[in-house]
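> show me how the following folds:
(2 chains)
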Amino acid sequence: MESGPVLLVCADMRSIRALGAGIRSDFPILDQEVRGKALVYLDNAATTQKPRRVIDALSRYYERDNSNVHRGLHELSNRATAQYEAARETMARYIGAASGETIIFTRGTTEGINLVANTWGARNIGPGDVILLTEMEHHSNIVPWQLLAERTGARIEWVPVPGDEGLLDMEAARRKLAQKPKIFSLVHVSNSLGTVNPAAELCALARSHGVITLLDGAQSAGHMPVNVQELGCDFYAFSGHKMCGPTGIGVLYGRADLLEKMPPWQGGGEMISRVDFDHTTYKAAPHRFEAGTPDIAGAIGLGVAAEYLEELDRAKIEDHSAALAQEAAGRLAAVPGMRLLGPRDGRAGLVSFALDDVHAHDVVSLADEEGVALRGGHHCTQPLMRKLGLVGSARASFYFYNTPQEVERLVDTVAQIERFFRR
Amino acid sequence: MNLPELYQEIILEHAKRPMNRGVMENPTVTVPAENPTCGDELTLQLRVTDGKIEDVRFTGQGCAICMASASMMTRAIKGKGTTEAGALFHQVHDAVRGKGEMPKGELSAIGGVRDFPQRVKCALLAWEALREALGGSEA
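You can find the predicted model right below:
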């Protein structure tokens, strides 16, 4: 395989050398063989790998500081509480939020969206109201709203995604926002197409019509600089495990004045200020929304992951992954029968593709035999795939520890699979 | 390229040119089936007379494993009694999960899916539809 085009990309993107191969020693898991070949992990949109620093933070917490938070009066509880609340402040800084009081720890993006649907939604959505979504939403930003619509008699409308390039119909978005839906909930970066939506523009437009906005940040929080105040969103939900953090922990950011008016969701310990037999009063946000013992170790680990990404510089991470994805898209396009999904320019760090006559599951199974980890299927965006006339697609998603050599392994492998099925 | 045993010639042959694919005009039972993990869908039709599967057809799309398994299944059950087809279902269902032997002949190729636990549902989609169809025709 010729290495010319790869070197060219390296020259354009100096970040590829700073990240890529040089950073892999931070990730113990990457140094292994799968089926006799060096692992090429390209399933980062599903979950990213964890740096040694995050793994160590979890062990250190359990070995030295483990205790329950907030009500304890002993040393260990003080330490656990201090670290848990420090992680909250770190996450506020990480997404440019004004204070830790706007940061609710959740299990992940899905729980964050469900929390908004069940609290803000329960109070503000009624019969005939419109919930505006886009056709490229993940099931986690569809189903909570369908459940809410069923309960309240609200109606869901969709901003169309007209074709394979995966761009929102902005004219339709403007028209539908002008009709003042109650909330516009949309994905920041599409997990199945790699589209980076013009979130700031859409949030500003929504605000001018008095429409509340929620951004699904699952694919943006760990991949690009994010500042919720510059984006102008009212809610921003994301997952720790897609940004080098542990599984089971995530964040919901909410505008302070909105959180203050939202009723609790789950009831239990931690979220109350006083309980009597006939009445309970609740704590202020964010603790009102954190019933029960939280994932303390997870929150601390997520804080460490956020600091790690801040050090690496998220602008460089974004450039690195996007350059690899662009390179992969350009070279995959030469494979016979290739149908590439997602924007031609400005795609995020992933490539979704379908081969004529070769099902995505066959692509992924055979790639796995070569040690290349991909994902295939509908990527939890079934309505979009059906609209595009696809059963599913195969997806390679990159992160800052991936290298141009791995792009080569990907392209070689896909080309071989295509030849195998064509013969 | 490493080629796993599962992707052998006979599987690819059936996947590319499935037998008994199409719509039947006068089925006695029609069963839609969906694999929720991947969204693959197929519809199985049987015409059962006096406990015998006189004709079988399927439509739908899926991966090579799903299509080949559906194609081989239709060939294996056509002309058989429903009891015999039901027994075949149980044998295949158990064998792909590592219990017992696959039936002899071309169906044995499907047994390779044992090494791909996540693909077992693909291999069984048509067979699960068959089980439901037999339940319906016997009722």
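> wait, what's in contact with whatever residue of chain B ends up closest to chain A?
Closest to chain A within chain B is B:C63: 3.7 Å, counting by Cβ to the nearest Cβ. For the C-beta atoms, the positions are set from N, CA and C on the backbone; glycine is no exception. Neighbouring residues of B:C63 by Cβ atoms under 8 Å, 6 or more residues apart in numbering or on different chains: A:H359, A:A360, A:H361, A:D362, B:C38, B:D40, B:R119, B:C122.
> roughly how far apart are it and A:E33?
Distance of B:C63 to A:E33, computed by Cβ to Cβ, to the nearest Å: 26 Å.
> quick one: secondary structure of A:F400?
Using DSSP: H, G, I helix; E, B strand; the rest coil, the structure places A:F400 in coil.
> ugh, wrong one, A:E157
From three-state DSSP, the assignment for A:E157 is strand.
> that one and A:A299: what is the separation?
In this structure, A:E157 and A:A299 are 36 Å apart, going by Cβ to Cβ.
> more neighbours: the two, which one.
The neighbour comparison of A:E157 against A:A299 (other Cβ atoms under 10 Å in any protein chain shown) goes to A:A299, with 29 against 14.
> grab the nearest non-local neighbour of that one.
With Cβ to Cβ, 6 or more residues apart in numbering or on different chains as the criterion, A:A299 has its nearest non-adjacent residue at 4.5 Å, and that residue is A:A87.
> count of residues packed around that neighbour?
A:A87 is flanked by 29 other residues according to other Cβ under 10 Å.
> repeat for the one 4 residues further on
A:M91 is flanked by 28 other residues according to other Cβ under 10 Å.
> tell me who's in contact with the residue nearest to A:N141 when sequence neighbours are not counted.
In this structure, A:N141 finds its nearest non-sequential neighbour in A:D216, 4.8 Å apart by Cβ to Cβ, 6+ apart. A:D216 makes contacts with A:T109, A:I113, A:E137, A:H138, A:S140, A:N141, A:S185, A:L186, A:V187, A:H188, A:A237, A:F238, as judged by Cβ under 8 Å, 6+ apart.
> now render those residues as JSON lines, adding secondary structure.
Below are the contacts of A:D216 laid out as JSON lines (three-state DSSP):
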{"residue": "A:T109", "secondary structure": "helix"}
{"residue": "A:I113", "secondary structure": "helix"}
{"residue": "A:E137", "secondary structure": "coil"}
{"residue": "A:H138", "secondary structure": "coil"}
{"residue": "A:S140", "secondary structure": "helix"}
{"residue": "A:N141", "secondary structure": "helix"}
{"residue": "A:S185", "secondary structure": "strand"}
{"residue": "A:L186", "secondary structure": "strand"}
{"residue": "A:V187", "secondary structure": "strand"}
{"residue": "A:H188", "secondary structure": "coil"}
{"residue": "A:A237", "secondary structure": "strand"}
{"residue": "A:F238", "secondary structure": "strand"}
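> by neighbours, which of those wins?
Counting neighbours by other Cβ under 10 Å, A:A237 comes out on top of those with 31 neighbours.
> how much space separates it from A:K182?
Going from A:A237 to A:K182 by Cβ to Cβ gives 17 Å.
> which parts of the stretch 201-350 of chain A are strands?
Along the stretch 201-350 of chain A, counting by DSSP state E, counting those that start in this stretch, strands occupy A:212-216, A:235-239, A:250-254, A:272-275, A:280-282, A:338-341, A:350-355.
> that should have said chain B, apologies.
Counting by DSSP state E, chain B has strands at residues B:29-35, B:40-49, B:52-61.
> give me the spatial nearest neighbour of the residue nearest to the spatial centre of chain A, chain neighbours excluded.
The geometric centre of chain A, computed from its C-alpha atoms, lies nearest to A:A218 (Cα atoms, centre = their mean), at 1.3 Å. Among residues not flanking A:A218 along the chain, A:T109 sits closest, at 4.3 Å (Cβ to Cβ, 6+ apart).
> before we move on, what about A:T152?
A:T152 sits nearest to A:I125 (Cβ to Cβ, 6+ apart), 5.0 Å away.
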